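> My questions concern the predicted model and sequence given below.
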Amino acid sequence: MNSRLRSFALLVLFAAFALGSAQAQPAIQPTVDITQVPAAAQPSAHFDANAATEAYMAMIPPAATTRSNAYFEGGYWLILWDFLYASAVCLLLLNLRWSAKMRDLAERITRFKWLQDAIYWGQYVLLTFVLGYPLEFYENYVREHKYGLATQSFGPWMGDEGKSLLISLVLGAIMVVVLFAIVRKLPRTWWIWGSLAVMALFVVVIAISPVYIQPIFNKITRLNDPKVTAPILRMAHANGIPTNDVYQIDASRQTTRISANVSGFAGTTRITLNDNLLRRGSLEEIQAVTGHEMGHYVMNHIPKGIFFMSVVIVLFFACLRWALAWTLECWGARWQIRDITDPAVLPLVFLLAGIFFFVLTPVMNTETRMHEKEADMFGLNVARQPDGFAQAAIHLSEYRKMRPGKWEERIFFDHPSGYDRIHSAMVWKGENLELFEKPPEQPAAH
Ligand SMILES: [Zn+2]
């Protein structure tokens, strides 16, 4: 890095520290905690799913709705700003020839190609971290605090950022070294083998993440409360989930969001609840959420998601091969990139990836949303807690718009909307009313 760049980096970090200490706030109280069933959602001869849904919707204070709408709709714009900002950073690295300079430096340090790639990657990650920091800080620190979703003060937040940076340094270096080796060895078919390599790393990261990556950020402990775990394990065993353990994760370290998951393979299958859910959710709500997560596991959503991603990645590499040839033909000399075996090409690869995945946003969201909808129905069927499910939807409404337009949901939502989730739950309840009617009182025995 040259000296001008170094002072810029220091300035950004200094400003962030100053802003960060000013921003630190105590943990924010939850917006809505609803633990009673509204009158219109009580079982009765004239139970109406629409009326029951509206009764739940009416329990959310209007101010809370305004706030979560503003948060979620702001997120639509962030998709655009993230894309434009990242593109600008890539173009800067190319046009100022910083990318070429980082390669030159790597070549001066060593003559081993693979080590040059890794050294280039190290510089690239550090430089893009600094350049991307203002938006990262706004999006994931300032904004999350403003909406009461974050619980971390600046120091620990920055600590987590540092850990993520280290993980991308290591995992990214492995990927970059492997990919450039493939490109050099197989100049014609690199895009096929390259996409296979990316997929393989993707699968490895998913597999090791609960055991090796998550614990870097959070503490995961066994949950020893039979009141909570017994009904969950009954549900698990009834649906072929081979586990006897329920874990909890201290997600409240970073956020107020509620969540849970079922992860792992054969011997390592485990159910994990986050402590926000345990603290804020009723037992019915905890079961409803866990039932949903079990749906992802039983219906193999992770392998299906991996298959879908494989198709997307192969498609991306096919486009990349064509787009790289064309852009290097036009601007390669100006950016001082020799060819596609030159690590200096990386900002261009990320620029093209940004465009590809930006355009694909609605497709990716829809694929996820379809799985989420399936898991919702599975969860309702196994947990049989439609009111708990409605309460979970209301908790999730703290950061998700409850009642979007039809196209808004199709383009931007990777989960069904809160309204849709409560409505599904109330339709389910309407068809299973006998589960919720209290047995008539027996006349007292004489
Ligand atoms: Zn889900």
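Sure, I can see it.

> For Arg285, which three-state class applies?
To be clear, residue 285 is Glu; Arg isn't right here. At Glu285 the chain is in helix, as set by DSSP: H, G, I helix; E, B strand; the rest coil.

> Any idea how many residues pack against the residue nearest to it when sequence neighbours are not counted?
Spatial nearest neighbour of Glu285, chain neighbours left out: Gly388 (4.1 Å); criterion: C-beta to C-beta, 6 or more residues apart in numbering. In short, each C-beta sits where N, CA and C put it, glycine included. Residues contacting Gly388 under the criterion other C-beta atoms under 10 Å number 26.

> and the stretch 251-400 of the chain, which residues reach the ion?
372, 375 (C-beta under 5 Å from the ion).

> quick one, strands of the stretch 251-400 of the chain?
260-263, 270-274 (DSSP state E, counting those that start in this stretch).

> what about the shortest one, distance to the chain center?
What it means is strand 260-263. Relative to its chain's centre, strand 260-263 lies at 13 Å (C-alpha atoms, centre = their mean, to the nearest Å).

> so the closest residue to Thr272 other than its chain neighbours is in which element?
Spatial nearest neighbour of Thr272, excluding adjacent residues (C-beta to C-beta, 6+ apart): Tyr247 at 4.5 Å. Secondary structure assignment for Tyr247, by DSSP states H and E: strand 246-249.

> roughly how far apart are Ala49 and Leu165?
Using C-beta to C-beta, to the nearest Å, Ala49 is found at 48 Å from Leu165.

> Those two: which has the busier surroundings?
Ala49 (19 against 13).

> Identify the residues contacting that one.
423, 426-427, 429-430 (C-beta atoms under 8 Å, 6 or more residues apart in numbering).

> now with 6 Å?
Contact analysis of Ala49 by C-beta atoms under 6 Å, 6 or more residues apart in numbering lists 426-427, 430.

> ok so, going back, weakest of the strands of the stretch 251-400 of the chain in terms of mean pLDDT?
Looking over the strands of the stretch 251-400 of the chain, mean pLDDT reaches its minimum on strand 260-263, with a mean of 84.

> strands paired with it, and their directions?
strand 270-274 (antiparallel) (DSSP bridges).

> Contacts for the partner strand next, please.
243, 245-249, 251, 259-262, 264.

> so how far is stretch 241-252 off the chain centroid?
Taking mean C-alpha positions (C-alpha atoms, centre = their mean), stretch 241-252 and its chain are 19 Å apart.

> which of the residues in it are buried?
Buried positions in stretch 241-252, judged by neighbour count with 16 or more other C-beta atoms under 10 Å: 241, 243, 246-249, 251-252.

> before we move on, back to that, let me have the strands of the stretch 251-400 of the chain in JSON lines, adding mean neighbour count as columns.
Shown next, in JSON lines, are the strands of the stretch 251-400 of the chain (neighbours: other C-beta atoms under 10 Å):
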{"stretch": "strand 260-263", "mean neighbour count": "22"}
{"stretch": "strand 270-274", "mean neighbour count": "23"}
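
> To Thr341, which of these lies closest?
Smallest distance to Thr341 across these (C-beta to C-beta): 37.9 Å, for strand 260-263.

> contacts for the closest one?
210, 271-273, 277, 289-290, 293-294, 297.

> Report the backbone C-alpha coordinates of it in PDB.
What follows is strand 260-263, C-alpha atoms only, in PDB (Å, rounded to 0.1, in the frame of the first residue of the first chain):
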ATOM      1  CA  ALA A 260     -33.300 -21.600  15.600                       C
ATOM      2  CA  ASN A 261     -31.800 -24.300  13.400                       C
ATOM      3  CA  VAL A 262     -31.300 -28.000  12.900                       C
ATOM      4  CA  SER A 263     -27.900 -28.700  11.500                       C
END
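
> give me the element the closest residue to Ile213 other than its chain neighbours is part of.
Closest residue to Ile213 apart from its sequence neighbours, by C-beta to C-beta, 6+ apart: Ile167 at 6.8 Å. Ile167 belongs to helix 154-185 when assigned by DSSP H and E.

> buried ones in that helix?
Quick answer for helix 154-185 (16+ other C-beta under 10 Å): 154, 157-158, 160-161, 169, 172-173, 175-183.

> now the residue nearest to Ala40 when sequence neighbours are not counted: how far from Val289?
Nearest in space to Ala40, with sequence neighbours left out and distances taken as C-beta to C-beta, 6+ apart, is Ala55 at 3.6 Å. For Ala55, the distance to Val289 equals 21 Å [C-beta to C-beta].

> do Arg279 as well
13 Å.

> okay, the two: which has more neighbours?
Set side by side, Arg279 and Val289 show more neighbours around Val289, with 27 against 12, by other C-beta under 10 Å.

> Run a quick neighbour tally on the residue nearest to Leu165 when sequence neighbours are not counted.
Using C-beta to C-beta, 6+ apart and skipping the chain neighbours, the partner closest in space to Leu165 is Phe129 (5.6 Å). Residues lying near Phe129 (other C-beta under 10 Å) number 17.

> And the residue nearest to Ile213, what's its pLDDT?
pLDDT at Ile167 comes out at 96.

> ditto for the one 3 residues further on
Confidence at Val170, expressed as pLDDT, is 96.

> try Ala236
At Ala236, pLDDT is 94.

> Return the residues in contact with the closest residue to the ion within the stretch 51-200 of the chain.
The nearest approach of the stretch 51-200 of the chain to the ion comes at Phe72, 17.2 Å away (C-beta to the ion). Shown in contact with Phe72 (C-beta under 6 Å, 6+ apart): 400-401.
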